[in-house]
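**Q** Build me a structure from this.
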Amino acid sequence: MNENFDRAPGAGRARTHPTSPGLSSAGDGDTKTSLFNQREPLRQPRTSPPLAENNISTTNDLACGDARRQSKPQQSAYNNSTSAFKGCNVDALVKSSKLSASAPEFVPSGCTQYEDPNFYDDSENYYGEPTLADMVADFLGHLSSSPGSFESDIDYITSMLNSWVTTEETLQELVELIYTQSTAIPNFSYTGARLCNYLSHHLTVSPPSGTFRQLLLKRCRTEFEQRDAAVRGEPETQKKFHSFVLFLGELYLNLEVKSGKGPPNRAEILLTALRDLLNSLFSNPVDSNLICAVKLLKLTGSILEDAWKDSGKSDMQELVHRIENIVLDATCSRDVRQMLLKLVELRSSDWGRVHAAAAASNATPDNDPNYFMNEPTFYTADGTPFTAADPEYSEKYQEILDREDYFPDLYEENGSGSDTCDYDDEMEPEIEEAYESFCLESERKRRQ
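**A** Now for the predicted structure:
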């Protein structure tokens, strides 16, 4: 049992190992074949054969037995048959194919082609220069978001528009764009009116149909002629009309018409138009129309009244009388009625205007209401404020001076006389005044 047992490392692993008794019952050929299959299994193929070759090899395996026992001549025959098979398939595909090498593009058979008819329409303008509408929209958007840059940017904007607007058609388009934006963008009517005034004097184009200002006034007249229908229209129509009314008010205040002699004047035609617009708004005294009228009169009331007085007209008095009747008779809301009453009160105070004060050299407490405006405010011991305009100013101020004597060290400039209160830095006047007020208020509360 131990005759063939070898303890040396690697023993029993050589090819010339003695035949085991359990394997000698078969023939010598069978014994060699069994040992070979046991000790040296076939290695895996380095690459996977193609699909067609796999099918063929499967067929051969079924016909010839175990594929791992094929010899090299069999493999050579297998390769030749596969090459012939592949050559036949390729020739057949080429003959039956409908593909063309000269086709512009390859489209799979299951793919549905779709072309947008509008895709190529704007291809020429996609990379082209912006249009006049795009440029004006950019300018107006910039002025709307940064109205403070108007003075610094208006020259550049005007130069760009002069290079674009060279025909009657482009001038008409520019007028329409500015008018639309000025009445559509909230709170842009003032900046739009300033822009219109500047362009009316600095645009170089002047076609036979009219200048920029003339075309702008024609566009406003188109909207003005629809006023009676607009004040009774739908809410959206009324809202659009109210925007136009406020823009026209700003245009009257900012649009200057140069005269041959003297300073420029306002457009008189707009003065008449605003009076007619106010009458139209009061003819249908609903809340929205009355609110628009109040806004317009707060904006232009003082200028309109001065212009009518200079012409000897009493149009403002007639409007105020009409407002008073609306307050008594109309069925407007309580808030709108209060707005109308406040407007009448504002007009009675000369629209809140303060006349120019006397010159500084001639100003006295009697002729200048702002004489004591810049005087400091003091406080008495009980915290009562008083200024130089107070009749008892001298007595109260002397009382403060006397009170300071109780704290002499606190009011020394260098603070060297105090051992307990040695301030390195002098307090600012505002801080000192606030501190005094705090001390007086604390003393007053303590005594209560």
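**Q** Only C-alpha atoms from now on, for both contacts and neighbour counts.
**A** OK.
**Q** So residue 248 sits against residue 270, correct?
**A** Yes - applying CA atoms under 8 Å, one finds residue 248 in contact with residue 270, separated by 7.5 Å.
**Q** ok, those two, which is more surrounded?
**A** residue 248 (26 against 19; other CA atoms under 10 Å).
**Q** Look at that one and tell me its secondary structure.
**A** Three-state call for residue 248 (DSSP: H, G, I helix; E, B strand; the rest coil): helix.
**Q** How about the contacts made by it?
**A** 220, 270, 274 (CA atoms under 8 Å, 6 or more residues apart in numbering).
**Q** Just give the nearest non-adjacent residue to the last one, would you?
**A** Spelled out, that is residue 274. Leaving aside its sequence neighbours, residue 274 sits nearest to residue 249 (CA to CA, 6 or more residues apart in numbering; 7.1 Å).
**Q** and what of the second one?
**A** If you skip the residues right next to it in sequence, residue 270 has residue 252 as its closest partner in space, 5.9 Å away by CA to CA, 6+ apart.
**Q** pretty sure the one you found is touching residue 269, no?
**A** No - counting by CA under 8 Å, residue 252 sits too far from residue 269 to count as a contact (9.1 Å).
**Q** Which one of those two is surrounded by more residues?
**A** Taking other CA under 10 Å, residue 252 and residue 269 do not tie; residue 252 has more neighbours (22 against 10).
**Q** quick one: buried residues of the helix or strand hosting the more buried one?
**A** Assigned by DSSP states H and E, residue 252 belongs to helix 235-254. Residues of helix 235-254 classed as buried: 238-239, 241-254 (neighbour count, 16 or more other CA atoms under 10 Å).
**Q** Now do it, average pLDDT.
**A** The average pLDDT within helix 235-254 is 94.
**Q** Can you name the element that comes right after that helix?
**A** Downstream of helix 235-254, the next assigned helix or strand under DSSP H and E is strand 256-257.
**Q** And that next one, what does it pack against?
**A** On a contact count with 3 or more CA pairs under 8 Å, 6 or more residues apart in numbering; DSSP states H and E, strand 256-257 meets strand 265-266.
**Q** Can you name the residues in contact with the strand it packs on?
**A** 252-259.
**Q** Who are the packing partners of the helix or strand just after that strand?
**A** Past strand 265-266, heading to the C-terminal end, the next element that is a helix or strand (DSSP H and E) is helix 268-283. With contacts taken as 3+ CA pairs under 8 Å, 6+ apart, helix 268-283 sits against helix 227-230, helix 235-254, helix 287-310, helix 315-329.
**Q** Any buried residues in the next helix or strand after the last one, and which?
**A** Proceeding C-terminally, helix 315-329 gives way to helix 334-348 as the next helix or strand, assigned by DSSP H and E. Under the neighbour-count criterion of 16+ other CA under 10 Å, helix 334-348 has 336-337, 339-340, 343-344, 347 buried.
**Q** What of stretch 195-206?
**A** Within stretch 195-206, the residues that qualify as buried by neighbour count (16+ other CA under 10 Å) are 195-200, 203-205.
**Q** Out of those, which is nearest to residue 92?
**A** residue 205 (76.0 Å; CA to CA).
**Q** Doesn't that closest one belong to a helix?
**A** No - going by three-state DSSP, the assignment for residue 205 is coil, not a helix.
**Q** Next one: it relative to residue 219, how far apart?
**A** 18 Å (CA to CA, to the nearest Å).
**Q** for residue 203, same thing?
**A** Distance, residue 203 to residue 219, by CA to CA: 18 Å.
**Q** And for residue 146?
**A** 27 Å.
**Q** Neighbour count: these two, which is higher?
**A** Taking other CA under 10 Å, residue 146 and residue 219 do not tie; residue 219 has more neighbours (15 against 10).
**Q** count of neighbours near residue 271?
**A** For residue 271, the count of nearby residues is 18 (other CA under 10 Å).
**Q** Was I right to think it contacts residue 252?
**A** Yes - between residue 271 and residue 252 there is a contact under CA under 8 Å: 7.1 Å.
**Q** Pop the domain breakdown of this structure in here.
**A** 132-300, 378-447 (automatic domain parsing).
**Q** all strands of the chain, in order?
**A** Assigned by DSSP state E, the strands in the chain fall at 256-257, 265-266, 378-379, 385-386.
**Q** What's the mean pLDDT across the last one?
**A** In other words, strand 385-386. Computed over strand 385-386, the mean pLDDT rounds to 67.
**Q** do stretch 206-224 as well
**A** Regarding stretch 206-224, the rounded mean pLDDT is 92.
**Q** can you tell me how far residue 255 sits from residue 186?
**A** From residue 255 to residue 186 the distance is 20 Å (CA to CA).
**Q** Kindly report the same for residue 300.
**A** Distance, residue 300 to residue 186, by CA to CA: 19 Å.
**Q** Likewise for residue 295?
**A** Applying CA to CA, the value for residue 295 to residue 186 is 14 Å.
**Q** If you count surrounding residues, which of the two has more?
**A** A direct count of neighbours by other CA under 10 Å for residue 295 and residue 186 places residue 295 higher, at 17 against 10.
**Q** distance of the closest residue to the more buried one other than its chain neighbours from residue 175?
**A** Leaving aside its chain neighbours, residue 295 sits nearest to residue 246 (7.7 Å; criterion: CA to CA, 6+ apart). Counting by CA to CA, the separation of residue 246 from residue 175 is 18 Å.
**Q** Next: residue 263.
**A** 26 Å.
**Q** Comparing these two, which residue is more hemmed in?
**A** residue 175 (19 against 9).
**Q** I'd assumed residue 215 was in contact with the more buried one.
**A** Yes - between residue 175 and residue 215 there is a contact under CA under 8 Å: 7.0 Å.
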